[in-house]
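Novice: the following comprises the amino acid sequence and a computationally predicted model.
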Amino acid sequence: MFTAHCPYCKSVEFRGVGLRNAMERALNWLLLPYRCSLCGHHFFLVRWTAPAEGTS
Ligand SMILES: [Zn+2]
């Protein structure tokens with residue numbers, strides 16, 4: 001079972017970020033981009049495991 005957390009530091013402090021390029025738009029049906037508030041890494045969460053946020 002997946003839990004939503006940063007894959008680098010395991011923090012659960014992260015927020016959704018906007019789509020920055022065509023690759024992220026192409027993956028947006030499946031993966032949502034997030035940025036960790038603790039370590040600053042960008043990472044993706046599979047849509048159905050991610051918190052409902054940043055749908056704009
Ligand atoms: Zn992190």
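Specialist: Okay, I see it. Numbers count the residues shown, from 1 in each chain.

Novice: which SSE is residue 23 in?
Specialist: Element membership of residue 23, judged by DSSP states H and E, is helix 22-27.

Novice: off-centre distance for that helix?
Specialist: In terms of CA atoms, centre = their mean, to the nearest Å, the centre of helix 22-27 is found 13 Å from the chain centre.

Novice: list the buried ones in that helix?
Specialist: Within helix 22-27, the residues that qualify as buried are residue 24, counting by 16 or more other CB atoms under 10 Å. All C-beta spots, glycine's among them, are computed from the backbone N, C-alpha and C.

Novice: neighbouring contacts of that helix?
Specialist: Contacts of helix 22-27 with the rest of the structure, by CB atoms under 8 Å, 6 or more residues apart in numbering, involve 19, 31, 33, 44.

Novice: helix, strand, or coil at residue 45?
Specialist: Under the three-state scheme (DSSP: H, G, I helix; E, B strand; the rest coil), residue 45 adopts strand.

Novice: ok so, going back, avg pLDDT for the helix holding residue 23?
Specialist: Per-residue pLDDT values over helix 22-27 give a mean of 94.

Novice: which element follows it toward the C-terminus?
Specialist: Assigned by DSSP H and E, the successor of helix 22-27 is strand 31-36.

Novice: name the helices or strands packed onto that next one?
Specialist: Packed against strand 31-36 by the contact rule (3 or more CB pairs under 8 Å, 6 or more residues apart in numbering; DSSP states H and E) you find strand 14-16, strand 42-46.
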